[in-house]
Each structure stands twice: as structure tokens, then as C-alpha cells.
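S.K.: need coordinates for the following:
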Amino acid sequence: MTAAEVLAAYAPAAALSPDLPKRGRVHFRQDFTSLFEGEPLFMAPMAGVSDAAYRLMARAGGAALAYSEMVSCAGLHYGEKSWELVDPDPAEPDIAVQLFGSKPELFRESAERVTARLGDRLALIDINMACPVPKVTKKGEGSALLESPSLAADIVRACREGAPDVPVTVKIRRGRYMGQEVAPELARAMEDAGAAAVAVHGRFATQMYHGQADWGVIDRVADAVSVPVIASGDILSHDAARRVLAETGATAAMVARGTYGNPWVFSGHEATAAEKIAAFECHVRLLEATGAHLKRARSLAGWYFKGMPDAARWRNAAMSCVTAEEFLAVAAEVRAAVCS
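M.R.: Modelled structure (predicted):
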């Protein structure tokens, strides 16, 4: 089955929509703001998570836009493997591609090649200036760029040159080190360089994902720029997403960990146990249809079955699964035990 056929056959049982609206690429600054109508919720880029199957589940759950995993500009330049992270499945209406690196010339090349390859299915190009992982920052990439505003601006301009008709956005953090907030000033510089929107995560890079995100910085960034601001950080539920939009100057919210086992986070639907099991089955089938590694379903089982009776048992059972049939057999056991 193709991914589209999987969605048509299995999404309704999970209270998900098989009909994914197509937005397509918009001309830079012409009608880009239409993406932000109605305070939309986006599926965030997540390394090792947001593959095509995951993006399709999010879109079926109501996400207005879904991002690729972060993609190395150097990887795109030197090999073909990284392109697997860029290419959308035929069932995906569009995709936002997030790039990371530190060399403007590679960003320019990557932006040009991604645009040529994806055509109208490319919604926007996002530049990662937020990743706090040491193996990324030690190369001057990710959140290390928070300390190099001139280089960060050069990277935005380079992407604009490589993809003049595609919106270029940035994702930043509050700052790199505790107590040293740079987000408002950096956001203003990124807008001046040509960024069409700014996503801001309310933690310092050294916090990683610990502690509580400060949503106040979202307001400070919104006050500093005239482009749309996307809220990020501790948006773990639909209620939290609506709250951050109501309490800050953000015009959209980006959901990351809040999507784990919960594609309904975008709509606010409270899924039943039966719907969660059906969603897991749909997700497994999408992994198979998109050619993804089925071992990813092991994590999915823990997320979808969380909170169910004997959840640890089902999670452990999934850990020994290899094929789609084995994962689906576990789902059948869960259904018989939980929904009977």
C-alpha cells in the first residue's frame, strides 16, 4: 500500500483525517502571512523522529505544517544520504525543510538545490540556530550561532540568494548561556537579513530541555520584530498551545514532544484507547509504506500505549518486534486486553 492508501484505509478509525490540505509554496512576503491565519499549530523538526510517516500522522491530526528533521548542509553537499531527510512522500502536500550548518556558501547551495528538487511542495526553508547538542554546537552550528549574529545574518542572506522565491525562517533560543538573553536583538537582526518569520524556544541552550521554558521571551521577540513569531518550548498539549498563543505575541505555535503518541494535539481531540491503538497501527503501516526503519515503531509503542493498563508490558513486547506484522500483532493484543 502507498502512504495515501494507508491513510485512506486506517486514519478514520484513529479519528484522523486522510484528506491533507495542500498549501504549496508561496511567494516570499507576498502571501506568506496566510500561513499564520487562525493561529495555526505546526509540527516541529525533531531529529530521529520527524520522518515522512511522522509528518503524515501530524498532518492527519490537524497540523498546519510539518517540518523535516534538521538536515546538514554539508551532508547535502558531500553525499546523497542526507537527501532522504529532505524528500517528502508523495502523500505529503508540502513540507518545511530545516537546514543546519555554519558556512553561508553551503546554505546558499543547499537552499538552491532543495528548492529545485521539491518545487511547489517546499513550503519554506528554516535555519536551525537552536539545537543545543554539543556535537552540533562544537562545529559552530545550531545554537552556537546565537553568539555569532553577523554569521547568522550572512546565512539568512545566503539562503535568500539561493532561494529568492521561498520564505526563509529561523529557529532560535533565548540565548546560549544562562542569564545571557540575546533572542530579541538576534531576531531583529535576522529580520533585517531577510527572515520571513522567527521561531523562538524559551530556554537557553545550556538548559537543553531541562527546567521550564520562559514564554516571556516570546513576547520580547514579538515586540522586537514585525514578522510572525512562532512559539516553541513546553507546548505539550493542545491547551498549552492555545494558552501560549493567548498569552504571548506569537502568531503560531510549534509542537515537538507534545506530539509523542498524540497526533491529536493539533486538534484538541481527546483520543480513546481504541483510537490510540488504531493510530499506532496506522503509524506502523505508514512506516512500512514510506520505507522507514520499522525499529522506530518501538518508540512509538511506548508513546501510544502510555497510560494504558499494563503499558510497560506492551512496550516491552514491542521492543522485540522487527516486522510490521509483529508490531500489529502486539497492537491486537493490546486491543483485546484494553478494549474488550
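S.K.: now the helices for the stretch 151-300 of the chain?
M.R.: Assigned by DSSP state H, counting those that start in this stretch, the stretch 151-300 of the chain shows helices spanning 183-193, 216-224, 238-247, 273-290, 296-304.
S.K.: who wins for proximity to residue 317 among those helices?
M.R.: Closest to residue 317 of the helices of the stretch 151-300 of the chain, according to CB to CB: helix 296-304, at 7.9 Å. All C-beta atoms are positioned from the backbone trio N, CA, C, and that covers glycine.
S.K.: elements contacting that closest one?
M.R.: With contacts taken as 3 or more CB pairs under 8 Å, 6 or more residues apart in numbering; DSSP states H and E, helix 296-304 sits against helix 273-290, helix 311-319, helix 324-338.
S.K.: so which residues make contact with the first one?
M.R.: Same thing as helix 273-290. 1-3, 5-7, 10-11, 13-16, 51-54, 56-57, 89, 261, 263, 271, 292-294, 296-297, 300-301, 304-305, 308, 324, 327-328, 331, 334-335, 338-339 (CB atoms under 8 Å, 6 or more residues apart in numbering).
S.K.: run the last query once more with 7 Å
M.R.: If you take CB atoms under 7 Å, 6 or more residues apart in numbering as the criterion, helix 273-290 is touched by 1-3, 6, 10-11, 13-16, 51-53, 56-57, 89, 263, 294, 296-297, 300-301, 304, 308, 324, 327-328, 331, 334-335, 338-339.
S.K.: domain ranges for the chain?
M.R.: 17-266, 273-338 (automatic domain parsing).
S.K.: before we move on, back to that, please check the contacts of helix 273-290 and keep the buried ones.
M.R.: 3, 6, 10-11, 14-16, 51-53, 56-57, 89, 263, 294, 296-297, 300-301, 304, 308, 324, 327-328, 331, 334-335, 338 (16 or more other CB atoms under 10 Å).
S.K.: between the helices of the stretch 151-300 of the chain, which gets nearest to residue 153?
M.R.: Nearest of those to residue 153, taken as CB to CB: helix 183-193 at 3.9 Å.
S.K.: and the angle from that closest one to helix 216-224?
M.R.: Interaxial angle of helix 183-193 relative to helix 216-224 (axes from the mean of the first three to the mean of the last three CA atoms, to 10 degrees): 40 degrees.
S.K.: in stretch 143-161, what counts as buried?
M.R.: 143-147, 149, 152-160.
S.K.: which stretches in this protein count as strands?
M.R.: 41-43, 65-72, 95-100, 122-129, 168-175, 197-204, 229-232, 252-255 (DSSP state E).
S.K.: what strands line up against the fourth one, and which way round?
M.R.: Looking at strand 122-129 with DSSP bridges, its paired strands and their directions are strand 95-100 (parallel), strand 168-175 (parallel).
S.K.: compute the inter-axis angle for that strand and strand 197-204.
M.R.: Using the same axes, to 10 degrees, strand 122-129 lies at 30 degrees relative to strand 197-204.
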